[in-house]
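Colleague: Sequence plus the predicted model coming up.
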Amino acid sequence: MNNQDKNTYVKQRITETLLELLKKRELSDINIGELTTIAQVSRNSFYRNYTNKEDIIRSYFSKMLSEWEIEWKQSGSDSNAELFGHLFMYLKQHSDTMILIQERGLFYLFKEGYLTLWGPSAEMDNMTAYTLSFIANGVLGWIEEWLKRGMTESAETMIALLLRTA
């Protein structure tokens, strides 16, 4: 294994282990020593990649949302209905993790990643930033409520509901 492969493996092990531990306990009840021992990686490996446990989840969501964005762009569609439908479908595929994160009070980490990719930026003019903020936070509200309710609706139902309110 080259260094990049080793680092990818370390990150994967740490992430998988943290998500497994979160099924049993709150994030605050999980310590770095326990995490690295169970993941079978060194503390140095942890601190080489992360500052704290929240960074693991931030990284997970950043990767997940980037993968979704690539998939979406490859679809070639420019329809907002299809965009949101694809997003809800992608999140539904990750429902176990999404619900877990919601139940543990960590949805804000998903929100940070989402807004980093699709929220307003300082370079935008005011009207564009306000409009984008309105849309991005509205969609986040739908996602968060969907999670709170156990993601019982299909992605298709969610997009139909969203379009009905537009």
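Modeller: Perfect, I can see it now. Numbers count the residues shown, from 1 in each chain.

Colleague: Excluding chain neighbours, give the residue nearest to the spatially most central residue of the chain in space.
Modeller: Most central in the chain under C-alpha atoms, centre = their mean is Phe61, positioned 3.1 Å from the mean C-alpha point. The shortest distance from Phe61 to any non-neighbouring residue, by C-beta to C-beta, 6 or more residues apart in numbering, is to Gly113 (3.9 Å). C-beta coordinates here come from the backbone N, C-alpha and C atoms, glycine included.

Colleague: residues of stretch 13-25 that come out buried?
Modeller: 13-15, 17-19, 21-22 (16 or more other C-beta atoms under 10 Å).

Colleague: Ok, stretch 115-123 next?
Modeller: Neighbour-count burial for stretch 115-123 flags 115, 118-120 (criterion: 16+ other C-beta under 10 Å).

Colleague: if we look at stretch 116-136, which residues are touching it?
Modeller: If you take C-beta atoms under 8 Å, 6 or more residues apart in numbering as the criterion, stretch 116-136 is touched by 62, 65-66, 69, 114-115, 137.

Colleague: which residues touch stretch 145-165?
Modeller: By C-beta under 8 Å, 6+ apart, the list of residues contacting stretch 145-165 reads 81, 84-86, 88-89, 91-92, 95, 98-99, 101-102, 107, 139, 142.

Colleague: Which two of those residues have the greatest separation?
Modeller: Ala81 and Ile101 (26.1 Å; C-beta to C-beta).

Colleague: For those two, work out which one has more neighbours and name it.
Modeller: Remark: of Ala81 and Ile101, Ile101 carries more neighbours, 22 against 13, as counted by other C-beta atoms under 10 Å.
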